[in-house]
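Engineer: A structural model of the following input is requested.
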Amino acid sequence: MNHDSRIVALSFSALLMLLSSMFYPFLSFSSSGITQTITLPDAARILFNHDSELLGFFIDLSIIALPMSLLLILIPLHLGVLKTLPEGIARRLLKFTLALEPWIMSEIFLIGVLVSMVKIMSLADISFGTSFWAYVGFVILYIAALVHLNRPRLWAQIKPVKILEGAQHAKRAIDENIKACHVCHQLCTSHICQRCHTKTHVRKPHSVQKAAAWLITSVVCYIPANILPIMHTTSLGDETPSTLIGGVITLWNGGSYPIAAIIFLASVVVPLAKAFVLIFLCIMVSRPANSHTKSYTRIYQLTEFIGKWSMIDVFVVAILVALIQLGNLMSVTPGLGIVFFTVMVICQMMAAHAFDPRLLWDSPKNKTSETKE
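Structural biologist: Now for the predicted structure:
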């Protein structure tokens, strides 16, 4: 089986699994003889019913709509459609497709489901429906498809890589104004990429300022995200609010040490660590490169990779709200804190994306060019 056939097979299989997971029971919750069963779309629908439209829209987008869109596009892309489309349409289609990937959080949602089950398994009987196992299959196949996805190969179908000549003896690309397109990674000296027609820069313009703006916004949102309740639990008519830290303490006191540690790391430690790392990197940009710069670059890459995993708590709340709806006997409603937490994580992801790690390697003279473009 060649590369394109493998991607088509994996994408088509993942798409079938995703579609199957939407029409059958996903999870069942039973307490005191009352049973609540939900489907996958219910995770977002019930949030809409509780006036959490922003959260419901994000859940729908990140676990159903975006992965389905990506898979639907990947199949024709690997059947050679890029070669048959007009070049302008092919460029836009491929740009759109590759831009979807960072915002797809199916694997994080699956971990969130497992964490939420641990949180409530002592309160009621939990059972996994057919759709849950179909979604597990979808996540495995989707990850396999991404592992085999060859982005340079797709761009080459639109226009082969152009080799720059006459720059072999340059010490650094910036010395000869050679730019790497941040979309298709084509090297060029012009202001517009010749392959994907994206505006190019030697360095991302105003990178530090943009990263700082997103970072400040995330810090502002982090405070109410930790102070305000992320959800309200009603049991026999008695309502109890729960904060991020309160949920971790409850899990720890209940003996669920590994789950408590995962939630604490993902929801408390990672956002704080990411904020401190980005602040540190923004400061280091103003200093000359040194023997530690390579380590700083790796830290940035790790920070960018783990950023969206903080969404685990968002998906935990979504599942608990969708599943536990037994009236005054027991029910869970979302709190305002989880909305601030969601916005905080998104802002941190945008801050990491805005930062240009190449600035860490530049001399102070070259670093001033960032503010001039």
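Engineer: Off-centre distance for the lengthiest helix in the chain?
Structural biologist: What stands out as the longest helix in the chain, according to DSSP state H, is helix 207-227. With C-alpha atoms, centre = their mean, to the nearest Å as the basis, helix 207-227 stands 17 Å off its chain's centre.
Engineer: Now do the buried residues in that helix.
Structural biologist: 207-208, 210-212, 214-215, 217-219, 221-222, 225-226 (16 or more other C-beta atoms under 10 Å). (Each C-beta comes from the backbone N, C-alpha and C, glycine too.)
Engineer: which among those residues gets closest to Val332?
Structural biologist: Checking the buried residues of helix 207-227 against Val332 with C-beta to C-beta, the nearest one is Ala225 at 17.9 Å.
Engineer: Could you tell me what pLDDT the model assigned to the closest one?
Structural biologist: With respect to pLDDT, Ala225 scores 91.
Engineer: can I assume it is in contact with Phe341?
Structural biologist: Yes. Ala225 lies in contact with Phe341 (C-beta atoms under 8 Å); the separation is 3.9 Å.
Engineer: Identify the contacts common to those two.
Structural biologist: Leu244 (C-beta atoms under 8 Å, 6 or more residues apart in numbering).
Engineer: quick one: contacts for Leu47?
Structural biologist: Counting by C-beta under 8 Å, 6+ apart, Leu47 touches 53, 55-56, 59, 318, 321-322, 334.
Engineer: Now with 6 Å, please.
Structural biologist: Leu47 sits next to 55-56 when contact means C-beta atoms under 6 Å, 6 or more residues apart in numbering.
Engineer: Tell me which helix or strand it sits in.
Structural biologist: According to DSSP states H and E, Leu47 maps onto helix 42-49.
Engineer: so what secondary structure elements neighbour the next helix or strand after that helix?
Structural biologist: Counting by DSSP H and E, the next helix or strand C-terminal to helix 42-49 is helix 53-60. Using 3 or more C-beta pairs under 6 Å, 6 or more residues apart in numbering; DSSP states H and E, the elements in contact with helix 53-60 are helix 42-49.
Engineer: Which elements pack onto the longest helix of the chain?
Structural biologist: Using 3+ C-beta pairs under 6 Å, 6+ apart, helix 207-227 sits against helix 270-284, helix 336-354.
Engineer: Residues contacting it, please?
Structural biologist: For helix 207-227, with C-beta under 6 Å, 6+ apart as the criterion, the contacting residues are 244, 278, 282, 285, 337, 340-341, 343-344, 347-348, 350-351, 354-356, 370.
Engineer: quick one, strands of the protein?
Structural biologist: 27-31, 34-38, 125-128, 179-180, 187-188, 231-235, 238-242, 330-334 (DSSP state E).
Engineer: what residues does the fifth one touch?
Structural biologist: Looking back up the chat, that one is strand 187-188. Outside strand 187-188, the residues that touch it by C-beta under 6 Å, 6+ apart are 164, 178-180, 194.
Engineer: Can you check what pLDDT the model gives Leu18?
Structural biologist: pLDDT at Leu18 comes out at 95.
Engineer: excluding its backbone neighbours, what's nearest Val343?
Structural biologist: With C-beta to C-beta, 6 or more residues apart in numbering as the criterion, Val343 has its nearest non-adjacent residue at 4.9 Å, and that residue is Cys221.
Engineer: Quick one: end-to-end distance for stretch 245-260.
Structural biologist: With C-alpha to C-alpha, to the nearest Å as the measure, stretch 245-260 spans 10 Å from end to end.
Engineer: For the remainder of this discussion, apply numbering that starts at 3.
Structural biologist: Sure thing, new numbering starts at 3, so read that last one as stretch 247-262.
Engineer: pLDDT of that stretch, averaged?
Structural biologist: For stretch 247-262, mean pLDDT is 79.
Engineer: my guess is Gly309 contacts Met352, does it?
Structural biologist: No. The pair Gly309 / Met352 is not scored as a contact, 9.5 Å apart, by C-beta atoms under 6 Å.
Engineer: Could you list the low-confidence segments of the stretch 203-352 of the chain?
Structural biologist: 239, 330 (pLDDT under 70).
Engineer: Quick one: closest of the strands of the chain to Arg93.
Structural biologist: strand 189-190 (14.7 Å).
Engineer: got the contacts of strand 189-190 as TSV, with pLDDT and distance to Phe266 columns?
Structural biologist: Formatted as TSV, the contacts of strand 189-190 follow (pLDDT from 0 to 100; distance: C-beta to C-beta, whole Å):
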residue	pLDDT	distance to Phe266
Leu166	63	49
Ile180	78	45
Lys181	78	42
Ala182	80	38
Gln196	82	48
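Engineer: burial of the residue nearest to Ile264 when sequence neighbours are not counted, as a residue count?
Structural biologist: Closest residue in space to Ile264, ignoring its immediate chain neighbours: Val117 at 6.6 Å, by C-beta to C-beta, 6+ apart. For Val117, the neighbour count with other C-beta atoms under 10 Å is 23.
Engineer: My guess is Val117 contacts Val318. True?
Structural biologist: Yes. Using C-beta under 6 Å, Val117 makes contact with Val318 at a distance of 5.2 Å.
Engineer: From Ala262, how far off is Met286?
Structural biologist: 34 Å (C-beta to C-beta, to the nearest Å).
Engineer: Comparing the two, which shows the higher neighbour count?
Structural biologist: Ala262 (21 against 16).
Engineer: I figured the more buried one hits Ile251, correct?
Structural biologist: No. Using C-beta under 6 Å, Ala262 is not in contact with Ile251; the gap is 7.9 Å.
Engineer: Break this structure down into its domains, please.
Structural biologist: 3-151, 207-375 (automatic domain parsing).
Engineer: tell me the contacts of Gln188?
Structural biologist: 195, 197.
Engineer: Please repeat the previous calculation with a cut-off of 7 Å.
Structural biologist: Contacts here follow C-beta atoms under 7 Å, 6 or more residues apart in numbering; on that basis Gln188 touches 163-164, 195-197.
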